[in-house]
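Enquirer: Here is a sequence with its predicted model. Questions after.
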Amino acid sequence: MRARKKRRSVLPIIILLIFLIIGMATAGILLFLYGKTQMINGEWERKIDVTDTVRENIREYISEASLDEEINIDDYLNSIEIESRLTITKEGSMKEGISYESYYDANEQAYDALEKIVIKLLESRIKSNYIETDKSMDELVNETVGTDLRQYLTAHGPKLMPTIEELEAIYGTDATYTADREKMIISIAGSEDENCDYAITNGMLVIDRKEGGVIYHKLNGQQQETEEGDEDI
Amino acid sequence: MKKIISVFLILSMILMMFVIPVDSYASQTKETVKVNVDGTEYDVKVLNHDYDNNMYISLNDMALALKDTKRAYEVEWTSKDGQTCIVLKEGSTTKEDDADKESSDTDSEKTESDETDDNKVNFTRKRFLINIGGNDYSFYMIPVSDKDSKDCYVNLGEFALATNMDVSCYDNEVYINSKGQFDFNKYDLLGSGIPYMADSCLVGDATTGTIYYSENADEVVAIASTTKLMTYLIIREAILDGRLSESDMVTFSEEASEISKSSNGVIRVEPGQTAYITDVIKGMLICSSNECSLALAEKLCTSEEAFVELMNQKAVSIGLSGDVRFYNPHGLPIYEDDVLTTKKQNHLTANDMFKLSSYILDKHPEITDITSIKKTKLESLNNFEAVNTNILLYNVPGCVGLKTGTTDKAQSCLVSAYETEDGAGNTHYIVTIVYGAENNQMQSYTSLVLMRYGIQRYNTLTLGLVPDSGKPQEIPEDLEGLIGAVVNTARRNAK
């Protein structure tokens, strides 16, 4: 009599376990299939190094007024980078543009370097002429041309960096996308669709575009945002 | 048979005289170009010598174009030391009818033009003395005259350089800013292609070692008689350390005498003939005497080979490159004594010659006392009149040497030096080196342009001087202008 009672109490537990296992497996499969594509959403940024361009433009500008190797431009020029922001939404849009703020900062850095170099050249020329003066180079420039050296260089000096428009043309994107775990298809109006591999590791998004691998960093380490109603898997 | 051969040879020679062009012979049609002087256009006759855009302008027509400016001049034909000399009397005004008349009765030089009915002019380009602003220049010019008038056509670039005028040329029109000075930058130099008229070239400040511009300066080239600068260095140091004396007599050997009597000879000497060492050195440097070079080498060393060894050792000791090799003290080609003979010539690079010149000018600047002489008599060498072959002595006031050179392989070469001072009274030498120019005219023209460029760079970079644009004080458009203007401001405010 007691053995029959034991068999009747185990069966529901087994059925419950089976449902739990199926449910967890389903959840695991769904997470495996769709979790990564949720992580791609958000704001990303990459750095565009314009140091070489700035260096070349400075070199060309000072070439006629300086002797070869008189000035080592790298002594005055630090690495100059501009930020580009990529926004990917779960609705399937992808937009990238230059950060205006970082562009103007970079421009200031470039002219900082040029200003220091020109001051160095002025000091060198005045010294080689055995001229003694108490005035700063900026004061002498002001007395000569009516503006300080930075204003003169900005108004009459060379263009040191590509314009924002030129950078947007290269790095800007306004596209839609679809993605699975490893591949995304980027569609830009008027162009052929681009099939790319992508990967997300250690807070970095790497997309293998046709111009080469592009690395983005998660902007400000923000967590993935979800809207109300989403299932938090 | 012999008669037939003789007739054949004579006829061949006559035929060759018509086929082979006479040096610098040319036949062109006079053209007219628009010359814009400060906004006003004038018609000026020009001749494009040999090629288009190799423009030679009429001095008479340019005088008319400039008559209302501060650059006005009058053309006067005169003579100097038995040579025709054209004087541009600055400040005088040429009247239209005067320009068509002979302006001087003194003319010992036959003009060689023959104007034909179709306005073609046959003439040769030859070196003339031209005096501009009190300075004598020697340019290849084209005299043209007919029964009523006499004119001379001068290369537009040389005219601009000599008059220091702001001249530019675009689309076969000439633009002159009479208030401005001649000014050009490295990109103008490159764009014009002037540096490519030679196999290699260089211009720099020999005192500081700064090179302002160079082209193929690492290329190994035959150096012809510019060799004699190294020969001078060895001899000069021997005089200073007592191995030789300035009162020594030099004896010319049989070999030196043979050279003097060959096509490579300059001063004819006999075996055993003697001369003062100072005259022999002048003969070597001023008129490039190969026999003098050999005689000096044999004076110092037991043999020419021993002297050449000294030359090569010196090259190493002063830091010249491994591309340097001397085979003789004069620069003539030599042939190896072998069945399969080879022709060898002294060779180095323009960079090496710049180092050598810098070394000599630093240690022995007295060389310029000799190399700056245009003409002199060598008393102990049969009163031989030594004439300097360096045309820049005439065309660049301030030029003090140094040495020309010509062989078939080396073509036309020139190492020249311009003496100037900085703000503290230190002497600087601007040195130009041109190797492998097609002919003497290209050699001198290339050297002239490079020298002017070097002087301009020196003035701008070292002295902070900006060429006077003749325009009202404006905001400088480039960095060179800004630096020059600021230096001038500092100079005005100086303590």
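Expert: Looks like it came in fine.
Enquirer: looking at the chain, which helix or strand is least sure?
Expert: Assuming you mean chain A. Ranked by mean pLDDT, DSSP states H and E, the weakest helix or strand in chain A is helix A:2-39, scoring a mean of 73.
Enquirer: should've been chain B
Expert: Per mean pLDDT, DSSP H and E, bottom of the list for chain B is strand B:114-115, a mean of 42.
Enquirer: Using CSV, write out the CA atom coordinates for the one helix or strand A:E139 maps to.
Expert: Per DSSP states H and E: A:E139 is located in helix A:137-145. Coordinates of each C-alpha in helix A:137-145 appear next as CSV, following Å, rounded to 0.1, in the frame of the first residue of the first chain:
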residue,chain,number,x,y,z
MET,A,137,57.5,88.1,-29.3
ASP,A,138,53.8,88.5,-29.1
GLU,A,139,54.3,92.2,-28.2
LEU,A,140,56.6,92.6,-31.2
VAL,A,141,54.1,90.9,-33.5
ASN,A,142,51.3,93.1,-32.2
GLU,A,143,53.4,96.2,-32.8
THR,A,144,54.1,95.0,-36.4
VAL,A,145,50.8,93.7,-37.6
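Enquirer: Can you list the buried residues in the helix or strand that comes right after it?
Expert: Reading on from helix A:137-145 to the C-terminus, the next helix or strand found by DSSP H and E is helix A:149-156. By 16 or more other CB atoms under 10 Å in any protein chain shown, the buried positions in helix A:149-156 come out as A:149-150, A:152-153, A:156. C-beta: built from backbone N, CA, C; applies to glycine.
Enquirer: Likewise for stretch B:218-235?
Expert: B:220-235.
Enquirer: Distance across that stretch, terminal residue to terminal residue?
Expert: Across stretch B:218-235, the straight-line distance between its terminal residues is 27 Å, by CA to CA, to the nearest Å.
Enquirer: Kindly state the pLDDT recorded for residue 92?
Expert: I went with chain A, as the question did not name one. At A:G92, the pLDDT value in this model is 88.
Enquirer: you looked at the wrong chain, it should be chain B
Expert: pLDDT recorded at B:S92 is 69.
Enquirer: what does the one 3 residues further on give?
Expert: If you check B:K95, the pLDDT there is 55.
Enquirer: same question, B:K409
Expert: The model reports B:K409 with a pLDDT of 86.
Enquirer: can you confirm it is in a helix?
Expert: No. Counting by DSSP: H, G, I helix; E, B strand; the rest coil, B:K409 is not found in a helix; it is coil.
Enquirer: what sits against it?
Expert: Applying CB atoms under 8 Å, 6 or more residues apart in numbering or on different chains, we find B:K409 in contact with B:222, B:333, B:343, B:345.
Enquirer: Which members of the residues you listed are classed as buried?
Expert: The neighbour count (16+ other CB under 10 Å) marks B:222, B:333, B:345 as buried among the contacts of B:K409.
Enquirer: Show me what the first one is bridged to.
Expert: Going back to what we said before, that points to B:A222. Following DSSP bridges, B:A222 is listed with bridge partners B:H347.
Enquirer: Per-residue pLDDT of it, please?
Expert: pLDDT, B:A222: 94.
Enquirer: if I look at it, how far off is B:V449?
Expert: Using CB to CB, to the nearest Å, B:A222 is found at 23 Å from B:V449.
Enquirer: got the phi/psi numbers for B:L66?
Expert: In terms of degrees, to the nearest 10, the main-chain angles of B:L66 are phi -100, psi 0.
Enquirer: What residue in chain A comes nearest to chain B?
Expert: Nearest residue of chain A to chain B (CB to the nearest CB) works out as A:A65 at 4.1 Å.
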